[in-house]
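In: here's my sequence, what's the structure:
(chains A and B)
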Amino acid sequence: MEKKVSARPDERATTDRLTDRHSVEKLALFFYFCFMDEGRAQAATRDSLFQLRKRRSDGRASSEAVIVNVTDSILRKNPVAQGLRHVGFIEGYVDFPEGSNWGPWFEYRKSADAEDFSTLIWVKVLGFTISDVASGLGVSEGTVKFRLGNAMRDLGQLVPA
Amino acid sequence: MSDAAQSELEPKPRRLSRFLARQFLFSYQQNELDAFRREGVHHVLSEDQELKRELETLKRAEAYCVDLSKTKVKAEYVDHLLAQQSVWRTNLAKLSFTRWPHVLRWTAEGLLASAVVISLIVFVPWSKFADLMKWEPRVQDDGAANTRVAEIEKDLEVPQPPPAAPSPAPVSPPQAAPATVSVVNEPPSRRGTTRGMLYRMMMRVSGIKDQAQDLSRRITDMGGAKAGEVELGWRKPNGNYYHFSFPETRYDSLIKVLSEYGAVKVYKNAHERVMPEGQLRIILWIEDGPAAAKPPPKASEPVEPVEPVESGGTEEP
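Out: Predicted coordinates for the structure are as follows:
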């Protein structure tokens, strides 16, 4: 497991930027994809928003990096694996794309490595850059790419041809 | 130089191992490799069907993620989160004690500490603690067992009055029985403001009920005057109570008179109330019961005034 080192952004971007509508959407989506449970996702989103509001601003770190940092810390306290038995596919506050197949995602979520899993969501679902994720986690970009490659390989095996 | 020789001198593209090609596969699929490595991976892929299938897997995953990334959160939910955040958490965070201004925080802490101290002072029954801590003299404790007081025992023989002590009172002792007067200094009080003196006299006399009136009259004759709120010789269930002021010059006479009834113990307490010059404030308690055993007379000594020792006193009726 990669250790978080001093590269973690201690000084944070402006609070307004961190808690604007766009960031809240990203947070909500991240936790929804993690937990697939509206209740857990909502609670985690609230907690992360609360943490984001506490962050000091200096503008050195990008808001995406801060979001990665906060969501990672929340996810470490509430691992995805804890809620696997309580999976409920509830279409409440999320608009799904038409014709989407959530079967591979459910399967992948059960077996995925936690770090690969969250990296995949940050980069491929939320669209954060690898450098933002690396900055938020305090790891090298190569590490992020390695995790992402593993995640894509594992997910691709579950996606039907 | 022939063409064959020249081609041998040109740098050949380095062949990647299958392992390296597999590691580069994701970057290859993302089109992030440099030209040299890209060509190497391409070369391996052309020969390895398994890696080809893996590349297809990555492409499928990529397409699947593109599909997932179209998932959107409803605007109402975002509004709900933002509203909840602003109303509840934000206000709560602003009210947090750690965010208070320093002046306000120190003030609050000071007020809290003051409230605790005042509560301790007001609500804790300190007077009861003081009463519990205070030593109550008892007539029975006329031995050496009591280590809290310094006791001076003096035996007086009534027929031989002390030469130094004047006895202006025209009272003649009816009997020449030896009497015991114990003068005890109370331990010093923690309070340093008491400047007066209170004489507490304790006796045990059988049948004091019948002699109380006579003793009251004799005290009055010697110049004693009632102090406090009750009459001289106030009868209580188990004894009689005398609270009076008395001329200091006739103190020895009083002791003699009291000695006629039995052994007297005198305790001198420092007290808040200061008496006029030449006046003593005396509380005499005579308990019903057999007279205390009198120790054998040691010497005929006058009653010496005891050095005043500061001690706490309690208000008497």
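In: what kind of secondary structure is B:V116 in?
Out: Put simply, B:V116 is helix when judged by DSSP: H, G, I helix; E, B strand; the rest coil.
In: distance check, A:K77 against A:I121.
Out: 17 Å (Cβ to Cβ, to the nearest Å). No exception for glycine: its C-beta is placed from N, CA and C like everyone else's.
In: quick one, which of those two is more surrounded?
Out: Remark: of A:K77 and A:I121, A:I121 carries more neighbours, 23 against 9, as counted by other Cβ atoms under 10 Å in any protein chain shown.
In: surely the more buried one forms part of a helix?
Out: Yes: applying three-state DSSP, one finds A:I121 inside a helix.
In: tell me if I'm right that it and A:C34 touch.
Out: Yes: the pair A:I121 and A:C34 qualifies as a contact (Cβ atoms under 8 Å) at a distance of 6.9 Å.
In: backbone phi and psi for B:R281, please?
Out: phi -110, psi 120 (degrees, to the nearest 10).
In: now do the same for residue 137: its pLDDT.
Out: By default, I'm working from chain A. pLDDT for A:L137: 92.
In: the chain in question should be chain B.
Out: B:P137 is given a pLDDT of 49.
In: remind me which residues of chain A are low pLDDT?
Out: Along chain A, segments meeting pLDDT under 70 span A:1-19, A:56-60, A:80-91.
In: with the stretch 101-250 of chain B instead?
Out: For the stretch 101-250 of chain B (pLDDT under 70), the answer is B:134-194.
In: all helices of it, in order?
Out: B:102-123, B:126-133, B:208-221 (DSSP state H, counting those that start in this stretch).
In: for the ones you listed, give me a markdown table that also has distance to B:H271 and mean neighbour count.
Out: As requested, these are arranged in a markdown table below (distance: least, Cβ to Cβ, whole Å; neighbours: other Cβ atoms under 10 Å in any protein chain shown):
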| stretch | distance to B:H271 | mean neighbour count |
| --- | --- | --- |
| helix B:102-123 | 24 | 10 |
| helix B:126-133 | 15 | 10 |
| helix B:208-221 | 20 | 16 |
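In: looking at the ones you listed, which is nearest to chain A?
Out: The closest of these to chain A is helix B:102-123. By Cβ to the nearest Cβ, the value is 18.5 Å.
In: and chain B, which of its residues are near chain A?
Out: Contact residues (Cβ under 8 Å from any Cβ of the partner chain) of chain B with chain A: B:23, B:25-27, B:54, B:56-74, B:76-78, B:81-82, B:84-85, B:89-90, B:93.
In: make a ChimeraX selection of the buried ones in those residues.
Out: Typed into ChimeraX, the line below selects the buried ones among these, using 16 or more other Cβ atoms under 10 Å in any protein chain shown:
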select /B:25,26,27,54,57,58,60,61,62,64,65,67,68,71,73,77,78,81,85,89
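In: A:V125 touches A:F31, doesn't it?
Out: No: using Cβ under 8 Å as the test, A:V125 is too far from A:F31 to be in contact (11.7 Å).
In: can you put the helices of the stretch 101-250 of chain B in a markdown table and add distance to A:N69?
Out: Shown next, in a markdown table, are those (distance: least, Cβ to Cβ, whole Å):
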| stretch | distance to A:N69 |
| --- | --- |
| helix B:102-123 | 30 |
| helix B:126-133 | 57 |
| helix B:208-221 | 92 |
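In: coming back round to it: looking at A:V125 and A:F31, which is more packed in?
Out: Taking other Cβ under 10 Å, A:V125 and A:F31 do not tie; A:F31 has more neighbours (27 against 21).
In: how much space between the nearest residue to that one once chain neighbours are set aside and A:S118?
Out: Counting by Cβ to Cβ, 6 or more residues apart in numbering or on different chains, A:F31 lies nearest to A:A41, which is 3.9 Å off, once chain neighbours are set aside. For A:A41, the distance to A:S118 (Cβ to Cβ) stands at 14 Å.
In: overlap in contacts of these two?
Out: Residues touching both A:A41 and A:S118 (Cβ atoms under 8 Å, 6 or more residues apart in numbering or on different chains): A:C34.
In: so who does B:A212 touch?
Out: B:G233, B:R235, B:N240, B:I286 are the contacts of B:A212 under Cβ under 8 Å, 6+ apart.
In: what does A:D72 give?
Out: A:S118, A:G136, A:L137.
In: could those go into CSV alongside neighbour count, distance to B:W100 and secondary structure?
Out: Converted to CSV, those look like this (neighbours: other Cβ atoms under 10 Å in any protein chain shown; distance: Cβ to Cβ, whole Å; DSSP: H, G, I helix; E, B strand; the rest coil):
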residue, neighbour count, distance to B:W100, secondary structure
A:S118, 24, 37, helix
A:G136, 26, 32, helix
A:L137, 24, 35, helix
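In: surely B:V230 meets B:N240?
Out: No: applying Cβ under 8 Å as the test, B:V230 and B:N240 come out as separate, 10.4 Å apart.
In: for the stretch 201-317 of chain B, which segments count as strands?
Out: Under the criterion DSSP state E, counting those that start in this stretch, the stretch 201-317 of chain B contains strands at B:225-226, B:234-236, B:239-247, B:264-271, B:279-288.
In: restricting to C-alpha, output the third one in CSV.
Out: Written as CSV, here are the backbone C-alpha positions of strand B:239-247 (Å, rounded to 0.1, in the frame of the first residue of the first chain):
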residue,chain,number,x,y,z
GLY,B,239,-27.7,20.6,82.9
ASN,B,240,-27.7,24.3,83.6
TYR,B,241,-26.2,27.0,81.4
TYR,B,242,-24.7,30.2,82.6
HIS,B,243,-23.6,32.9,80.2
PHE,B,244,-22.4,36.0,81.9
SER,B,245,-19.9,38.8,82.0
PHE,B,246,-17.7,39.0,85.1
PRO,B,247,-15.2,41.3,86.6
